[in-house]
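A.B. asks: Sharing a model that was predicted from the sequence below.
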Amino acid sequence: MPVLTRRRLLSGLAVAAAAPLALAGRPSLARPLDDVAARGRLRVAVYRDFPPFSFRKDGVLTGIDVDVADLIAKKLGVRLDCADQMAGETVSDDLRVAVWRGSLFGGEIADIMMHAPYDKEYGLRNPEAVLFAPYHQEGFALARNPARVPSAMLATLPDEPIAVERDSVPDFFLLGLQGGRLRNRLIHCRTPEAAMEKLLSGEASAVLAPQSQIEAALGPRAAEFPVTSVILPGMMASRWNIGLATKENARDLAYAVGDAITAMIEDGTMAAIFRRYGATHTPPPLVD
Amino acid sequence: MKRLVSKRLVSTFALAVAMTAAGMTAASAGGPTSEDLLKSATTTDSVLTYGMGPQAQRFSPLTDLNPDTVKKLVPVWSFSFGGEKQRGQEAQPIIYDGTIYVTGSYSRLYAVDARTGHKKWQYDHRLPDGIMPCCDVVNRGAAILGDKIYFATLDARLVALNRETGKVIWNKKLAEYKEGASNTAAPMIVDGKIITGNSGGEFGVVGMVEARDAETGELIWQRPTVEGNMGTLKGKDSTVTGTLNASWPGDLYKTGGGATWLGGTYDPETKSLFFGTGNPAPWNSHLRPGDNLYTASTLAINPDNGEIKWHYQTTPHDGWDFDGVNEFVSFDLKKDGKIIKAGGKADRNGFFYVIDRTTGKLINASPFVSKITWAKEIDLKTGRPVYNDDNRPGAPAEGEAHGAKGKSVFAAPAFLGAKNWMPMAYNPQTDLFYVPANEWGMDIWNEAITYKKGAAYLGAGFTIKPLYDDYIGALRAIDPKTGKIVWEYKNPAPLWGGVLTTAGNLVFTGTPEGFLKAFEAKTGKEVWKFQTGSGVVGSPVTWTMDGEQYVAVVSGWGGAVPLWGGDVAKLVKDINQGGSLWVFKLPKA
């Protein structure tokens, strides 16, 4: 029985929730901590084409999640083996491919996956995975051209073109807002980054998207476009916690990685990594 | 031009020689021509097209096999697809000149000696790392023309190979797999053009029908299926599909769905391609008021230039994921002493439609499953469904608490459809359609908490539920004149394989339980079955060789049911995977 420090409590919430299943006698396929140490390598799944968290720059995988994964590997005293994975239809698909079943096309299962939601309800719906070690709280934000959109009040958004990532919560929110008042003014883009390009080029007057992605895309032009954190009334979560995922039987690995994450948050390393990519770190609340 | 003429001369010459040597055989060194493909419904010594004829009736004029002789139908050989990669085998074999060309899961193509089962060659398409096809890693079959055999791949490419050697001749990108595109359907060849649809409806792509030069793979025309998008012809913009913003708000038409993932059929008489289109995007119907043309529709398209001749929308403003990709099968409707050029479509939404294939006008629509909750009926005057409005899943943003389910409605059919991809058959001798149907419904609600690529998301939650304790699958014989169900065969597991019918008063289809079964076409009496060792979700074919009638089918359980099926997936979880081609024959005397 490990000592219940605050850190362990934090990283262990989801593990405890999944424990009955872990004891149900499924064969052990994941590589818990000892296996990772023996192999000298930590396999980490990150999302593909997902700036500022995980993306390729000159062919090299980089970003906030990659840097955090690198520090986790260093704490464990092993080499980082980072694999970028295409996003599936939902995170449940990503968890299946990354940490518990693997890809239908073969290849290795990752020891941990970055950027999984830390959400108890969602964890219960995905019993094959463990969601643990929240390291950031993300939320939606409005970036606007102040000359064309004078206020960040969503209810009074003017009749101006607004860019959103297609098939996203901001998309659904604005399509449905006030009986579809802005429905014909939305510019649907493949990614939040593409939406931000519309704002920077002047084609759009505002963008509604996850705050980190907005901030990173603004980069040196941040002063021109105010960014306001927003709650989307009537929608489900407007803020959510980001953590890691592993297979349900890998709890010792989850403890060790959780300790590494907590230390990074406490000593300011996490905030520094976010700053490096132009984003703002928001620590997740200690009690879910 | 010169090359084309000389090729035709060669094949005509070869045809003449071959006919002298072996009676009816169409085999030749030059390979099948476009003419041969058009006539393939009546050629009994080969299976040249997906659907056993361009109209895809899946009807064979052969009569050696019949309810009396079928008990003598015996396996001749079985061929394993090999490797560690199994999963769903949904292919229909192509048979030509003593060779069977069959595709396997994971974008593999095999050429096998039809007499011995000896493998001639195998092509394993190299799939890029990390592709995420929405459903299973299936492939539904190949196309043949001249010296080439063609198939489409999971990374959305079209590959032409030399059919003798298996060497790649060309390999063209159809769409961007990195944006979720994929391709699993059998291509179709009409007048030297190879015609394909697209997949990826779950990822916000726009449905597309494309024609390429079958010789070179060069693009000839493109026809987007969603209103407001521009088509192309010979590298230039051609015409806009429909009218911009007539049935879509804002710019949603640019990502409107309507994927043509099941491919199409062709009617040589009216010179029309028929393509079914998928469901619209985004999934929540309240966010896209309007009919959302031409999603969940059948389109008649001119094969020369890609222009739309007519459309018929089966589920206007779809809110249940009833995509309309199901095959449109041309047939002659004999009614009131007249023959009407019609087509039949068993839609995912539970209705069997009979449509005038020259005009797209609805003739009849009737349920082919026992429970349909989303519409009361199809109004034959307007051609539109009479909706049950309170059965439409709810709008998002109705103040649901974090963690709470939105309004849940029970809808039937389930989103996997009263009939999914598996092709039906039509028998012009019994005048009946044979439809592989499934009896299931679903609870559907707005999921208050879900996530997509690291962000909070609003998804739909589904639970699929069987409607009856003792069966889900039902092979049904439907009279297109009346819409009446003449007979049915009930199967415990959901049916997921194609159907074949013959002039010998037979209907063949496979079951997930592993059987290939034969039924009397007139009565539905089961007259033969064979256990193949894994679930059968492919489409059987029949042909003659050396004076004997053969039947072939692939075996290998998979497809969307085990991935998506909810309670149903539990029912079928003990079915073992496989991957093999089975060949049967009725021995002489």
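C.D. replies: Structure received.

A.B. asks: Name the residues of stretch B:121-129 that are buried.
C.D. replies: Of the residues in stretch B:121-129, B:Trp121, B:Tyr123, B:His125, B:Leu127 count as buried by neighbour count, 16 or more other Cβ atoms under 10 Å in any protein chain shown. (Each C-beta comes from the backbone N, C-alpha and C, glycine too.)

A.B. asks: Closest one of those residues to chain A?
C.D. replies: B:Leu127 (5.9 Å; Cβ to the nearest Cβ).

A.B. asks: Confirm that closest one sits in a strand?
C.D. replies: No: B:Leu127 is assigned coil when assessed by DSSP: H, G, I helix; E, B strand; the rest coil, not a strand.

A.B. asks: ok, so what distance separates the closest residue in space to B:Lys71 that isn't next to it in sequence from B:Thr509?
C.D. replies: Once flanking residues are discounted, B:Lys71 sits nearest to B:Trp528: 6.2 Å by Cβ to Cβ, 6 or more residues apart in numbering or on different chains. According to Cβ to Cβ, to the nearest Å, B:Trp528 and B:Thr509 sit 12 Å apart.

A.B. asks: Who has more neighbours out of those two?
C.D. replies: Neighbour count, other Cβ atoms under 10 Å in any protein chain shown: between B:Trp528 and B:Thr509, B:Thr509 has more, with 29 against 20.

A.B. asks: what helix or strand is that one on?
C.D. replies: Using DSSP states H and E, B:Thr509 falls within strand B:506-510.

A.B. asks: Give the partner strands of that strand in its sheet and their orientations.
C.D. replies: As defined by DSSP bridges, the strand partners of strand B:506-510 come to strand B:499-502 (antiparallel), strand B:515-520 (antiparallel).

A.B. asks: what about that strand, average pLDDT?
C.D. replies: For strand B:506-510, mean pLDDT rounds to 98.

A.B. asks: For the residue lying closest to B:Gly256 once chain neighbours are set aside, list the residues it contacts.
C.D. replies: What sits nearest to B:Gly256 in space, not counting adjacent residues and going by Cβ to Cβ, 6+ apart, is B:Val226, at 4.0 Å. By Cβ atoms under 8 Å, 6 or more residues apart in numbering or on different chains, the residues touching B:Val226 are B:206-207, B:241-242, B:248, B:253, B:256-258, B:280, B:292-295.

A.B. asks: contacting residues for B:Lys148?
C.D. replies: The contact partners of B:Lys148, taken as Cβ under 8 Å, 6+ apart, are B:Gly31, B:Ala160, B:Leu161, B:Asn162, B:Arg163, B:Ile169, B:Ala214.

A.B. asks: Now with 10 Å, please.
C.D. replies: B:31, B:142, B:159-164, B:169-170, B:189, B:194, B:214-215, B:217 (Cβ atoms under 10 Å, 6 or more residues apart in numbering or on different chains).

A.B. asks: swap in B:Trp248?
C.D. replies: Per Cβ under 10 Å, 6+ apart, neighbours of B:Trp248: B:226-228, B:242, B:254, B:256, B:280, B:288-293, B:295.

A.B. asks: Closest one of these to chain A?
C.D. replies: Using Cβ to the nearest Cβ, the contacts of B:Trp248 come closest to chain A at B:Lys254, 6.4 Å.

A.B. asks: How is the closest one assigned, secondary-structure-wise?
C.D. replies: helix.

A.B. asks: Now it: closest residue in space, sequence neighbours ignored.
C.D. replies: Per Cβ to Cβ, 6+ apart, closest to B:Lys254 is A:His188, 6.4 Å.

A.B. asks: is it fair to say the one you found lies in a strand?
C.D. replies: Yes: counting by three-state DSSP, A:His188 is found in a strand.

A.B. asks: need the strands for chain A, in chain order.
C.D. replies: Under the criterion DSSP state E, strands of chain A are mapped to A:41-47, A:55-57, A:60-62, A:79-85, A:112-117, A:129-144, A:162-165, A:186-189, A:206-210, A:227-229, A:239-247.

A.B. asks: which stretch among the ones you listed comes nearest B:Gly264?
C.D. replies: Closest to B:Gly264 of those, according to Cβ to Cβ: strand A:186-189, at 27.8 Å.
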